[in-house]
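Novice: Sharing a model that was predicted from the sequence below.
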Amino acid sequence: MKVLVCGGSGYIGSNMTATLAENGHEPFVYDNLSKGHVSAVKDAQFIKGDLADYELLVKTLKENEIDAVMHFAAFIEVGESVAEPLKYYHNNVSNTQTVLAAMETVGVGKFVFSSTAAVYGMPNQIPINEDMPKDPINPYGQTKWASERMLHWQCNAGKVRYAALRYFNACGAGHDCTLGEDHSPESHLIPLIIQAAMGKREDIKIFGTDYPTKDGTCIRDYIHVEDLCSAHLLALEKLEKEKELVYNLGNGKGYSVREVIETVKKVSGKNFKVVETQRRPGDPPVLTSDASRAISELGWKTKLADIEKIVETAWQWHNKYPNGYQD
Ligand code: UDP
């Protein structure tokens, strides 16, 4: 299939682009480079473009005879979404609408959407399955949920087939550890701990040690980026027959912040300063997935469920690219 990967120069999008190419598909990356890195784009044609640019999207879809669109080009920082909600509604909702409108105009009928566990807000039951209430507690989660609803109604109208994939904590580096996490600013736990281990950051702060968990710190479900990509590929293939797919993507296993810090210490062989601070607003104590629907319906199998293996891949990437990508 010819697949347009919106946001294909970012962390998950670049891994997906490489996975598509490896599996005999033809990826085209569409990205405005506001966050991503052109050097992370492998084996794909690159189109510099903005998702708000309807005309360019129509032209790109038409000229390249695109069969399906995968959409990774969202803003992802929870704190920023609270401070700048319109920025999130614009990029995460309006721009998704523009992509869907361009697809409708050209007649491109398949869409795979990056969604998030943040659509569940503060779940009252763990592990979380897809049918549990959607009650986002910040604009980031809300904009992803709004896009999912838009997809549902566009699908209901017979205009698109789609898969919404709700990621838990994406992490690790893929494709021989050449494609890793290079966010600016960085806000995710594993890269921040690795930066502390590399001496690039004074310390790692634990946001809250008084949660009702075994060691008082938050528990998350860490899922390797290549495992995410394999699920996307299976979902894309399943859209040949199905019109609406919604899956949680996680390992179903939770690790605490302290456990992840200890894992980085073990993998890196480095010691570094750990500072206990207050809770970060809006953090649920425990988020773990019930991904049994993706396992049974897609035949999805994760390969890198072990936190030590996940961290090893991230550690290798950070050592290959100590200053991140050059462009
Ligand atoms: N966290 C932390 N210190 C940091 C960054 C994150 O203690 O410097 C915690 C955060 O409170 C959460 C977990 O690590 O419980 C994972 O956070 P991250 O931002 O990576 O992902 P999220 O779960 O918010 O999607």
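Specialist: Sure thing, it's come through. Everything numeric in this text was worked out from a predicted model, so none of it was measured.
Novice: and the residue of the stretch 151-300 of the chain found nearest the ligand, how far is that from Tyr255?
Specialist: Closest approach of the stretch 151-300 of the chain to the ligand (Cβ to the nearest ligand atom) occurs at Cys218, with a separation of 3.0 Å. Any C-beta I mention is one placed from the backbone N, CA and C, and that applies to glycine too. According to Cβ to Cβ, to the nearest Å, Cys218 stands 10 Å off from Tyr255.
Novice: Repeat that for Thr217.
Specialist: Here the criterion is Cβ to Cβ. By it, Thr217 lies 10 Å from Tyr255.
Novice: Met132 now?
Specialist: Applying Cβ to Cβ to Met132 and Tyr255 gives a distance of 21 Å.
Novice: again with Asn169
Specialist: Taking Cβ to Cβ, one finds Asn169 at 9 Å from Tyr255.
Novice: Then Asn64?
Specialist: From Asn64 to Tyr255 the distance is 41 Å (Cβ to Cβ).
Novice: More neighbours: those two, which one.
Specialist: Neighbours were counted for Asn64 and for Tyr255 using other Cβ atoms under 10 Å; Tyr255 has more, 23 against 16.
Novice: quick one: contacts for the nearest residue to the more buried one once chain neighbours are set aside?
Specialist: Nearest non-adjacent residue to Tyr255, counting by Cβ to Cβ, 6 or more residues apart in numbering: Ile307, 5.1 Å away. Under the criterion of Cβ atoms under 8 Å, 6 or more residues apart in numbering, the neighbours of Ile307 are 222, 255, 259-260, 263.
Novice: let's see 7 Å
Specialist: Ile307 makes contact with 222, 255, 260, 263 under the criterion Cβ atoms under 7 Å, 6 or more residues apart in numbering.
Novice: Next one, pLDDT for the residue sitting furthest away from the middle of the chain please.
Specialist: Using Cα atoms, centre = their mean, the residue of the chain lying farthest from its centre is Asn271. It sits 29.1 Å away. Note on Asn271: pLDDT of 97.
Novice: Alongside the ligand, which residues does the chain contribute?
Specialist: Applying Cβ under 6 Å from any ligand atom, we find that the chain lies next to the ligand at 169, 187-189, 192, 204-207, 218, 220, 257, 280, 283.
Novice: let's see it at 5 Å
Specialist: Taking Cβ under 5 Å from any ligand atom as the contact definition, the chain meets the ligand at 188-189, 192, 205-207, 218, 220, 257, 280, 283.
Novice: The residues you listed, buried ones only, as a ChimeraX selection?
Specialist: In ChimeraX syntax, the buried subset of the residues of the chain next to the ligand is picked out as below (16 or more other Cβ atoms under 10 Å):
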select :188,189,192,205,206,207,218,220,257,283
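Novice: Among the residues of the chain next to the ligand, pick out the one closest to Gly10, please.
Specialist: Nearest to Gly10 among these is His188, at 12.8 Å by Cβ to Cβ.
Novice: how about low-confidence regions in the stretch 51-200 of the chain?
Specialist: Of all residues in the stretch 51-200 of the chain, none has pLDDT under 70.
Novice: Now do the strands in it.
Specialist: In the stretch 51-200 of the chain, the strands defined using DSSP state E, counting those that start in this stretch lie at 68-71, 110-116, 161-167, 169-171.
Novice: how about those strands in JSON lines, adding mean neighbour count?
Specialist: Shown next, in JSON lines, are those (neighbours: other Cβ atoms under 10 Å):
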{"stretch": "strand 68-71", "mean neighbour count": "26"}
{"stretch": "strand 110-116", "mean neighbour count": "25"}
{"stretch": "strand 161-167", "mean neighbour count": "24"}
{"stretch": "strand 169-171", "mean neighbour count": "23"}
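Novice: State which one residue of the stretch 1-150 of the chain is found closest to the ligand.
Specialist: Nearest residue of the stretch 1-150 of the chain to the ligand, counting by Cβ to the nearest ligand atom: Val78, 6.1 Å away.
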